[in-house]
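Visitor: Give me a 3D structure for the following:
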Amino acid sequence: MTQDDDKRAAAEAAVAEVQPDMLVGLGTGSTVRFAIEALGRRVAEGLRVTAVATSVDSATCAAALGIVVRDFAEVARVDLTIDGADEIDDRLWAIKGAGGAMLREKIVAAASTRMVVIADASKRVAAIGAAKLPIEVLPFARGFVIDRLAMLDARVTVRDGVTDNGNLVLDALFADFSDPRSLAMALDATPGVLGHGLFLDEVDATYVADGGIVTRLERVEVSV
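Guide: Sure, this is the predicted structure:
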C-alpha cells in the first residue's frame, strides 16, 4: 500500500457519510482531492448533493466532476465538511494550512454540523506542534505580526504568493507548543492575524488509514 492508497481509503470512508440532499464542505489539499473524486463518483451514480469549497482549486476540481458548487457567501450552515490535516492527535486537535486555505477552512468548519478529517498515518501524532503553524496575515501587518510572533519565541518564514483571499501566509515554528489553547488565544488577539491553522474544537471525527486499514476516531465530549 502506498501513501496515496491510504489517502484514498480514508477519503472514501469519510465520503460514505454523505447522505442525499446534504450541503457538503470540501477542504483543500492532496488528501481532500481523493474525497472530491469519490464524491464525484457518487454524484455520477445519482447522489444529489451540493457543495461549498474552501479554495478555488477544490471548487474547480469539484465542478469538473459534476458536483454543484455553491458560493459560500450565500451559505449559513453546512451539513458535513471533509478536510485534511498536517497533524492530528487523539484529542482531535489539528494543525492545518499547508495548502494555505486555513482561514476559509476554519470558517466553513464553524458553519458545519459535523467536520471530519481524513489522513494517512503519517499525519497522526501523539501531540500536535512539530509541524509549522500557518498563519494568514493582512499584508499591511506583516512586520508587526512577525515581531509579535518573535515575542512568542517563534521562527517565522513568509511564503511566496498570496492566499485566495489576497493575504500572506506566515509559517511559524514555536519553541514551546505545550499550551495550544493559550497560543490560539494569543494569535486571535493579535491585530493583523486573520486566521491560523490551530483547529482545537472544530474536528468531530477523523478517518486515518494505515496500510489500507481505516480507523475512525470520534471526539469524546467531557461533562463538567
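Visitor: Show me where this structure has its helices.
Guide: Here the chain has its helices, by DSSP state H, at 3-15, 30-44, 56-64, 102-110, 142-151, 180-188.
Visitor: Dump the fifth one to PDB, keeping only the CA atoms.
Guide: The C-alpha atoms that make up helix 142-151 are tabulated as PDB, following Å, rounded to 0.1, in the frame of the first residue of the first chain:
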ATOM      1  CA  ARG A 142       3.400  41.700   8.100                       C
ATOM      2  CA  GLY A 143       6.200  43.300  10.000                       C
ATOM      3  CA  PHE A 144       4.200  43.900  13.100                       C
ATOM      4  CA  VAL A 145       2.900  40.300  13.200                       C
ATOM      5  CA  ILE A 146       6.300  38.800  12.600                       C
ATOM      6  CA  ASP A 147       7.600  40.800  15.600                       C
ATOM      7  CA  ARG A 148       4.800  39.700  17.800                       C
ATOM      8  CA  LEU A 149       5.500  36.000  16.800                       C
ATOM      9  CA  ALA A 150       9.100  36.500  17.700                       C
ATOM     10  CA  MET A 151       8.000  37.600  21.200                       C
END
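Visitor: any residues touching that helix, and which ones?
Guide: Helix 142-151 has contacts (C-beta atoms under 8 Å, 6 or more residues apart in numbering) with 135, 137, 156, 158, 168, 170, 172, 190-193. Quick note: C-beta positions are derived from backbone N, CA and C, even for glycine.
Visitor: For those residues, give me CSV that also has neighbour count.
Guide: Formatted as CSV, the contacts of helix 142-151 follow (neighbours: other C-beta atoms under 10 Å):
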residue, neighbour count
I135, 28
V137, 24
V156, 21
V158, 11
L168, 24
L170, 21
A172, 22
T190, 19
P191, 9
G192, 19
V193, 21
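Visitor: Okay, and which of those residues map to strands?
Guide: 135, 137, 156, 158, 168, 170, 172, 193 (DSSP state E).
Visitor: Can you pick out the most distant pair from the residues you listed?
Guide: Using C-beta to C-beta, the ones in strands among the contacts of helix 142-151 span at most 13.9 Å, a distance reached by V158 and V193.
Visitor: Leaving out sequence neighbours, find the closest residue to G25.
Guide: Excluding its sequence neighbours, the residue lying closest to G25 (C-beta to C-beta, 6 or more residues apart in numbering) is T81, at 3.1 Å.
Visitor: max-length strand in the protein?
Guide: Longest strand in the chain, counting by DSSP E: strand 112-120.
Visitor: Just to check, the residue nearest to G25 is in contact with G27?
Guide: Yes: counting by C-beta atoms under 8 Å, T81 does reach G27; the two are 6.7 Å apart.
Visitor: so what's in contact with these two at the same time?
Guide: V108.
Visitor: domain parsing for this protein?
Guide: Structural domains annotated on the chain: 3-124+200-218, 133-196, as defined by automatic domain parsing.
Visitor: Now the longest one: average pLDDT?
Guide: The predicted model assigns domain 3-124+200-218 a mean pLDDT of 97.
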